[in-house]
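# Got a predicted model here, sequence first, then my questions.
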Amino acid sequence: MSGKLFLENLLRYNTACRQLCALCYKEVHRTRRTTLGSPAYCTKLSRFLNTPKWCNETLIMVSISQTRLFSTKLGKGSGKTKIPKPKAKQEKQEVEIKQRMSVAELAQAMNKDVDHVYEALLHTTIDLDSLEPDSLLDEVWIKEAVKKSGMKYKWAKLTEGKVRENKDAVNRPPADPTVLVARPPVVTIMGHVDHGKTTLLDSLRKSQVAAMEAGGITQHIGAFLVQLPSGEKITFLDTPGHAAFSAMRARGAHVTDIVILVVAADDGVMKQTIESIQHAKNAKVPIILAVNKCDKPDADTERVKKELLVHDVVCEEYGGEVQAVHVSALKGDNLKSLAEATVTLAEVLELKADPTGLVEGTVIESRTDKGKGPVTTAIIQRGTLKKGCTLVAGKSWAKVRWMFDENNRAMSEAGPSTPVEIVGWKDVPSAGEEILEVESEQRAREVIEWRKYIEEQEKLKEDQQVIEAKQKEHQESYSKERDSMSHLNWRQRKSAMYRANKQRMAFRPKERMENEQLALPVIIKGDVDGSVEAILNILDSYDADEQCELDIVHFGVGDISENDINLAETFSGVVYGFNVDANKAIQQAAVKKGVQIKLHNIIYKLIDDLKEELSSKLPPTVAENVVGEASVLATFYVTVGKKKLPVAGCRVNKGQLDRKMKFKLIRRGDIIWKGSLTTLKHLKDDVQTVKTGMECGLSMDKDIDFQPGDEVVCYEDTEKQQEICWDPGF
């Protein structure tokens, strides 16, 4: 490159020399005519003009030859002379975008971190406080973030996602009528609490279930197969009548064929009676009325039947279709008639089922047993359950290891309408779930995986709806704020928005290490899934968060565990157990960690205990307890040193005045002073108390101008524990 520059300079020098020679030649011819020739000038000029011609020609030839030589060398090296190209303009990075990208996905597409996306959207109308890495962005914000990052976007090519195959287990199609066989009816006993449902069932099956129930009330669904003296078999479901167990009653009604509605003749139709009627109607199940406690002196069966007319339960004697049987469960009176009425109705219904093929059923109750693990009580509705069957229920599956009846006797198989206790579940399924048999364990895992996937998709859809609603609310708020400033110029608008944001941030709650709001964290453990469900349904009605927040940290089925104690210690909470135990090691650990364990076997006592615990969290209220009252009769002044003090002459009208207590002065209904007394005298003596009817003189710790007719009240402040205003409904 340096050789080329040298030749170029040489050519330029040659050209300049030739131009200079031509210029000098012209100048010489011009000056010949005007200037006298001098010897020195003539000598120099002659030297310049007489430069040999071969010098100029040689110089030119050398330059040309050198240029040709250099060009030849360049040609041999690269073929063509390279001309430097101008620098190309730097292209913007392209970002592939698609509809509904999350913040994290957009950051990944831009090859940036999440904070970069936040910075790009900093001065936009989007609510940055609500954005999380998994928050979905609208198309306008995706494009805005890309543009503000100095990039350009292009739409990603649409690829058809592979539709996930439905792997769920489904019910079999209706069975061929030729394979159907008669089955026992499933009868649910329903009614109000303490109307004698369990006692009635005891009398039918000659057992003592009611004696084993805590508090004498049923708190679980019981499933029993009873064989009547006539030989017929009936599967009975005994549902709780307490208000807390509404969900259990609904489950019982939806798996039954007949509902026996028990109403006490001395009590009549009650709240849970009406609810039981509604459950039966929703399930489209026929009702048999059992009017119980007819042996009591104040029993009135006709009143019960008339009260039921209001709820569209019309007995046969009033022109309806409902059979009414008067019984005494305690004495066993007329139970045979009730059984016959049930069998007759079952024959009319022609109840049949398919005992072959894959099993179908319903989970009535579920629990965790110490020796057996997760256990379910189920009613088989189709097929015959045997050991080794693979079942799915909800998001749990089982390989049946053992089966037991209601008396804990092992069973080899269970046909339609048979209540059975199933052991072998991997997890505890929820009560009310449908049981379906599948071909293999692999198939069961596929079903569970599919159901979990569907649940996740539904949750994502719900979350998306919440996010969209919040973004819409924010956008509407922003648009409303902008519209209110539409009459301002841009500078005034910016100033107004700055002041509004500054004021908003000033009132924004600061982050605190500890929550100042009162709260009670609780851990709930129950013996069966239905009991936990009932307790949680009651807690859902809690509406006193403004007084004390109720925080359910954890709930589950089974005895109190070490994990429950650790959770309670972490959250400073209380562990409540219903019909469960806590062994000695757990109790010692709880005492060591300062955790309260409260065990109950009656549900309303557990709720009462919870209400007391919530009330104990509330600060006490201060109430004024009036000790005595006096009226001012006259006023005068007493000189103490150089100061005159006002003194009131009073008569005690009620109670007594005690100098140690607090006092207040009331004038025409207004409190004008509160404080303590400096002196209290009766006649001329200083006294501690003055009783009713006595006169006294008193002065206060502040100079007050007393007036006749003023009232002096002596009182003391007493603390009173507040009570939570939550009413669970029973």
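Cool, got the structure.
# ok, residue 560 touching residue 597?
Yes. Residue 560 is within contact range of residue 597, at 6.1 Å (criterion: Cβ atoms under 8 Å). Where C-beta positions appear, they are placed from N, C-alpha and C, glycine not excepted.
# list the residues that contact both of the two?
575, 577, 582, 586 (Cβ atoms under 8 Å, 6 or more residues apart in numbering).
# which of residue 560 and residue 597 has more neighbours?
Neighbour totals were compared for residue 560 and residue 597, and residue 560 leads with 24 against 20 (other Cβ atoms under 10 Å).
# residues contacting the residue nearest to the more buried one when sequence neighbours are not counted?
Nearest residue to residue 560, sequence neighbours excluded (Cβ to Cβ, 6 or more residues apart in numbering): residue 582, at 3.8 Å. Listed by Cβ under 8 Å, 6+ apart, the contact partners of residue 582 are 559, 560, 575, 590, 597, 599.
# how close does the second one sit to residue 299?
This means residue 560. Distance, residue 560 to residue 299, using Cβ to Cβ, to the nearest Å: 44 Å.
# ok, now which ones touch residue 518?
Applying Cβ under 8 Å, 6+ apart, the residues contacting residue 518 are 547, 548, 549, 617, 618.
# Find the residue ranges of the chain scoring beneath the pLDDT cut-off.
For the chain, residues meeting the criterion pLDDT under 70 lie at 1-90, 157-163, 205-222, 238-254, 490-491, 494, 497-498, 501-517, 729-730.
# I am assuming residue 599 contacts residue 583, so please confirm or correct that.
No. The criterion here is Cβ under 8 Å, and residue 599 misses it with residue 583 at 11.9 Å.
# joint contacts of the two?
With Cβ under 8 Å, 6+ apart as the test, residue 599 and residue 583 reach no residue in common.
# ranges for the strands of the stretch 201-350 of the chain?
Listed in chain order, the strands of the stretch 201-350 of the chain (DSSP state E, counting those that start in this stretch) span 222-227, 233-238, 258-264, 287-292, 323-326.
# Quick one: closest of those to residue 446.
strand 222-227 (30.2 Å; Cβ to Cβ).
# okay, the closest one in PDB with CA atoms only?
Once non-C-alpha atoms are left out, strand 222-227 reads as follows in PDB (Å, rounded to 0.1, in the frame of the first residue of the first chain):
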ATOM      1  CA  GLY A 222     -72.300 -44.500  58.700                       C
ATOM      2  CA  ALA A 223     -72.900 -47.200  56.000                       C
ATOM      3  CA  PHE A 224     -74.400 -50.500  57.200                       C
ATOM      4  CA  LEU A 225     -75.900 -53.600  55.500                       C
ATOM      5  CA  VAL A 226     -78.900 -54.800  57.500                       C
ATOM      6  CA  GLN A 227     -80.700 -58.100  56.900                       C
END
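# i'd like the first residue to be 7 from this point on
That works, and once the first residue is 7, the last one we named lands at strand 228-233.
# Which residue ranges of the stretch 357-506 of the chain form helices?
447-490, 496-512 (DSSP state H, counting those that start in this stretch).
# Kindly state which of these is positioned closest to residue 663.
Judging the helices of the stretch 357-506 of the chain by Cβ to Cβ, what sits closest to residue 663 is helix 496-512, at 50.3 Å.
# Would you mind naming the residues that bridge with residue 396?
Beta bridges link residue 396 to residue 405, residue 444 when assigned by DSSP bridges.
# what sits against residue 702?
636, 655, 656, 657, 658, 663, 686, 687, 688, 693, 696.
# who has more neighbours, residue 605 and residue 589?
The residue with more neighbours, out of residue 605 and residue 589, is residue 605; 18 against 11, by other Cβ under 10 Å.
# Let me see the residues that make contact with the longest strand along the chain.
Secondary structure of the chain read by DSSP state E shows that its longest strand is strand 627-646. Contact partners of strand 627-646, identified using Cβ under 8 Å, 6+ apart, comprise 650-664, 667, 696, 698, 701-702, 705, 711-728.
# Please identify the buried residues of whichever helix or strand comes after it?
Using DSSP states H and E, the helix or strand that directly follows strand 627-646 along the chain is strand 649-664. By neighbour count on 16 or more other Cβ atoms under 10 Å, the buried set for strand 649-664 is 653, 654, 655, 656, 658, 661, 662, 663, 664.
# Pick out the most distant pair among those residues.
Farthest-apart pair in those is 653 and 661; separation 21.4 Å (Cβ to Cβ).
# which residue ranges form the helices in the stretch 557-706 of the chain?
Using DSSP H, counting those that start in this stretch, helices in the stretch 557-706 of the chain cover 568-577, 590-599, 609-623.
# ok, back up a step: would you mind finding the most buried of the helices of the stretch 357-506 of the chain?
helix 447-490 (a mean of 13; mean count of other Cβ atoms under 10 Å).
# so what does it touch, helix or strand wise?
strand 396-399, strand 402-410 (3 or more Cβ pairs under 8 Å, 6 or more residues apart in numbering; DSSP states H and E).
# by contact count, what packs against the last one?
Here strand 402-410 is seen to pack against strand 391-392, strand 396-399, strand 425-431, helix 447-490 when contacts are counted using 3+ Cβ pairs under 8 Å, 6+ apart.
# a markdown table for the contacts of residue 702, including distance to residue 359?
Converted to a markdown table, the contacts of residue 702 look like this (distance: Cβ to Cβ, whole Å):
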| residue | distance to residue 359 |
| --- | --- |
| 636 | 87 |
| 655 | 97 |
| 656 | 91 |
| 657 | 91 |
| 658 | 87 |
| 663 | 86 |
| 686 | 91 |
| 687 | 97 |
| 688 | 95 |
| 693 | 93 |
| 696 | 89 |
